[in-house]
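Colleague: mind looking at a prediction? Sequence and model below.
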Amino acid sequence: MPSWIAGVAKGAASIVVTLLGLLAITFFMGRMLPIDPVISIVGEQADKATYDMVYHRLGLDKTLLTQFLLYMRDMLSGEFGEALFTGNKVSVDLARVFPATIELASFAIAIGIGVGVPLGILAAVYRGTALDHIARFVGLLGYSSPTFWLGLMGLIVFYAALGLVAGPGRIDVAYIDMFEPQTGLLLLDAAMQGEWEVFGNVFRHIVLPGSILGYASMAYISRMTRSFMLEQLGQEYIIAARVKGMSRWRVVRRHALRNILVQLVTVIALAYAFLLEGAVLTETVFAWPGFGRYLTSGLLAGDMNAVLACVLIIGLIFVGLNLLADLLYRLLDPRTR
Amino acid sequence: MKTWLTAEITTSAFHARAQRFYYGWLRLRANRLAFAGFCILVGLCVVAILAPLLAPEGSNEQSLALRLRPPSREHWFGTDELGRDIFARIVWGARITIRISCLVAVIAAPIGLAVGTAAGYFGGWVDTVLMRLNDIFLSFPGLILALGFVAALGPGIGNAVIAIALTAWPPIARLARAETLTIRASDYIAAVRIQGAGPLRIILRHIVPMCVPSVVVRITLNMAGIILTAAGLGFLGLGAQPPTPEWGAMLSTGRQNMLGAWWLAAVPGLAILLTSLAFNLFGDGLRDVLDPRSE
Amino acid sequence: MSDTAQLLVDDLHVRFRTPQKLVHAVRGVSFTVGREKVGIVGESGSGKSTVGRAILKLTPANGTVSAARMRFQDIDLAAASETAMLKVRGRRISMIMQDPRHALDPVMRVGEQIGEALDGRGLSRAERRERVLGMLEAVHIRAPKRVYDLYPHEVSGGMGQRVMIAMMLAPEPDLLIADEPTSALDVTVRMQVLAILDELVSTRGLGLMFISHDLNLVASFCDRVLIMYAGRIVEECRAAALGEAQHPYTRGLLASLPRIGERRARLEVLKRDPAWLEA
């Protein structure tokens, strides 16, 4: 047990350091700005007194360390400042756009796991066959495709030409008033309120961006599954299980799969984090009112408050997911319990 | 030549190296997918070099009479909203893609090498601090971090390169550190130290050269991601600015008219896909060639 | 020696395809095993383990097995399908593997792993558990109920190998292949594990194929010895008569063994004759 406690303490210490690092990086990003932040607020024509006042209010006359500490205090209390391009507080904006991204990313990860894990297992079990090669190539294609381009092509083919799916956005205007969003996850909201027509519309909106994002994570998950699986299938205990008279698939299911589960959890957590990255571009293509589009809009408007908050939060989520994966690892593997 | 390359006994260090290279090349040839990737990359370089011959009119010759023409015999990939030939723009764009990837490699590799070898060689608190820094950079997804830097530095192709390089060095540093740790313990480093060489000299003259090959491989493997990030920045309007024929930026401007003119979006995207696929295939093969354990 | 041969292997070949070349690991091996203890001795790479796995048809995918005849009791192993083999493995022929640390699934409790060997016999949960506990007792594990719930990393090497023996004997096979069952263990527990193995094989009247590189061990433990070299059986003799072995390889092996109480100026080193590869 003491080693376990030491592990947690070490983990906690490294989180604190990483957190400080995240803050420091975003802080310096903010200071790297070639534009004078005071002038961007007061304008070129402002007199010296106004300039000085704003200069003082922004805390720019304090030492860099004090500025950093103030920045840290603000960030940790969720005080990200005001987003100039929306006129809202950044924290309010983020709370509004977050569910959209979570819904999209969750849809995508479901596809990534649902297709990627079986595909990876099949490729490993039938290693070297045509199936393996096809799976590998499909995976590489997913790795290599610019997701935003897949989005554009998807819109051209499935929306404009075939009319199979709905266009950009999360939901058609006509349906917005038909139900009461509660969780912000529209699929869930619609289903809970029994509004199946709305559900269908929302689904037709999410299916294309969700599948395209899911394809990218599927590529990653299936590749990792394959290599984990191959490693396990080469182990002696697999032969031992076969000696007992178990069929090949039974051994895969009962033994190999159980053994890669722990590693898979880590990969899935990472895949989810990478989805957030992919979401930035996909949301731009599909006008998806989520986190990614908020970030890019902020970028184009040159709104550092919004951008830094987004970068910081994605960094936090990344660290959080890594931590979660680590924790699950400890819980699931009897050797580390 | 062939007998020299396959001779059982090598006569010089150069001979041995040439032979290793030759056998690696044979293994690469045997891996069809990797070889295909290699060929695409060579093709890309050839296209970039021959751009003035392939598309003598340049990338920006407009002809408003020929707006949004579909692919035809005169315009293989069609024309865009300003009547520019897309084939010509793709060809000239290859130069930009290659330049971006080379610049990123040239900036990121030395940073990674310096940080990694220093951390590995000195150990102790230097190692702790540098690797912590490394972890922090790794804890951002690449594109997000690059976006943040571009936001701070301002859009443009040069800033995009710097931003991508700033996100590309951590994996290299980690690799260089691991290599340094094994090299540091070797006898020849001890010998050099006894001769009175200082740390800087040891790192630069004796450790860095040993790390370079694996760093080159690593960069090749990461190149696909670098190209996708660069294209993503271009697409968001934060990288190369119009009218530069950068593929991501072309996609971004082509987007407005893509529902009526699919080739505006399809062609530059395919070019990006093909390049990054080639790097992935080649990198995969390279890893197999260099790591004999993985069949 | 037994009157009826349970296992008959005639002209067995195993070849492996590697990226570089074709490896002919087993080159025409013929032997029989009755209800007796047969030792197969050879250095590493001589193909002895490959023979064991070929009999169970568990050769890796890059290997091909061919034999003029290979039968066990009434079953034609050479022609048996994968489905037919599922009924042979465990219940008719079982195998103890070298290293319990690798041959037990690290994330499954020991008892559950033994229980798996009893799958498909319509046992209830409780019956199955009873049988597993019985097996653990049979391999002289003192606290079977406690061991049942342990994970493989929580048991010692000797205990792990006893678990393995329990697991592989649970389905009550007629022939047991033991592939270097004690080489991965500490010297101190080797004899203990061997004694348990010997006891179970004798009381249950099993045939045993004991694969080892340890000539002394095999000679003292088995009834009959087969000496393998480079994929072939170069010598076959009764364990008691090993001293009269003819083949120069066997003689060389015997000569290079040190003996307590014997003074020798220098210990013989095995000299290999390329001609043995052809013999």
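Modeller: Everything's here; your move. Numbers count the residues shown, from 1 in each chain, chains lettered A, B, ... in the order given.

Colleague: identify the residue nearest B:Ala165 in space, chain neighbours excluded?
Modeller: B:Ile107 (3.8 Å; Cβ to Cβ, 6 or more residues apart in numbering or on different chains). To be clear about C-beta, it is placed using only N, CA and C from the backbone, and glycine gets the same treatment.

Colleague: ok, now C:Gly157?
Modeller: Once its chain neighbours are removed from consideration, C:Gly157 has its nearest residue in C:Leu185; the separation is 5.1 Å (Cβ to Cβ, 6+ apart).

Colleague: so who does A:Pro181 touch?
Modeller: Contact partners of A:Pro181, counting by Cβ atoms under 8 Å, 6 or more residues apart in numbering or on different chains, are A:Asp189.

Colleague: ok, it to A:Trp288 distance?
Modeller: For A:Pro181, the distance to A:Trp288 (Cβ to Cβ, to the nearest Å) stands at 15 Å.

Colleague: what of B:Ala36?
Modeller: When Cβ to Cβ is the yardstick, B:Ala36 and A:Trp288 sit 35 Å from each other.

Colleague: follow-up on the earlier one: for the residue nearest to B:Ala165, helix, strand, or coil?
Modeller: Under the three-state scheme (DSSP: H, G, I helix; E, B strand; the rest coil), B:Ile107 adopts helix.

Colleague: ok, now B:Ala197?
Modeller: Here B:Ala197 is recorded as coil under three-state DSSP.

Colleague: over to C:Ile177?
Modeller: In the three-state summary, C:Ile177 is assigned as strand, counting by three-state DSSP.

Colleague: who's in contact with it?
Modeller: C:52, C:55-56, C:93-96, C:208-209, C:211.

Colleague: what's the closest non-adjacent residue to the closest residue to chain A within chain C?
Modeller: In chain C, the residue that lies nearest chain A is C:Gly90 (3.4 Å; Cβ to the nearest Cβ). Spatial nearest neighbour of C:Gly90, excluding adjacent residues (Cβ to Cβ, 6+ apart): A:Gly245 at 3.4 Å.

Colleague: for that neighbour, grab the count of nearby residues.
Modeller: A:Gly245 is surrounded by 25 other residues when neighbours are defined as other Cβ atoms under 10 Å in any protein chain shown.

Colleague: for the stretch 1-150 of chain C, give me the ranges with low pLDDT.
Modeller: Across the stretch 1-150 of chain C, the ranges flagged by pLDDT under 70 are C:1-4.

Colleague: try it again with 50
Modeller: Residues of the stretch 1-150 of chain C that meet the criterion pLDDT under 50 lie in C:1-3.

Colleague: which bits of it sit near chain B?
Modeller: Applying Cβ under 8 Å from any Cβ of the partner chain, one finds that the stretch 1-150 of chain C approaches chain B through C:Pro19.

Colleague: tell me the SS of the closest residue to chain B within the stretch 1-150 of chain C?
Modeller: Nearest to chain B, among the residues of the stretch 1-150 of chain C, is C:Pro19, at 5.9 Å (Cβ to the nearest Cβ). The three-state label for C:Pro19, taken from three-state DSSP, comes out as coil.

Colleague: just the pLDDT for the residue nearest to C:Gly157.
Modeller: Confidence per residue is given as pLDDT, and for C:Leu185 that number is 85.

Colleague: check contacts around B:Leu233.
Modeller: Applying Cβ under 8 Å, 6+ apart, the residues contacting B:Leu233 are B:143, B:146-147, B:150, B:160, B:163-164, B:239, B:248.

Colleague: pick the one among those closest to B:Gly43.
Modeller: Set against B:Gly43, the nearest of the contacts of B:Leu233 by Cβ to Cβ is B:Gly248 (20.3 Å).

Colleague: how much space is there between C:Gln161 and C:Gln113?
Modeller: Distance check for C:Gln161 against C:Gln113: by Cβ to Cβ, it reads 14 Å.

Colleague: ah, wrong one, I meant A:Phe228
Modeller: Look at A:Phe228 and C:Gln113: by Cβ to Cβ, they are 21 Å apart.

Colleague: neighbour count: the two, which is higher?
Modeller: It is C:Gln113, of A:Phe228 and C:Gln113, that has more neighbours when counted by other Cβ under 10 Å, with 25 against 22.

Colleague: which regions of the stretch 151-279 of chain C lie under the pLDDT threshold?
Modeller: Applying pLDDT under 50 to the stretch 151-279 of chain C flags no residue at all.

Colleague: and the residue of it closest to chain B?
Modeller: Residue of the stretch 151-279 of chain C nearest chain B, by Cβ to the nearest Cβ: C:Pro274 (20.0 Å).

Colleague: ok, that residue - contacts?
Modeller: Counting by Cβ under 8 Å, 6+ apart, C:Pro274 touches no other residue.
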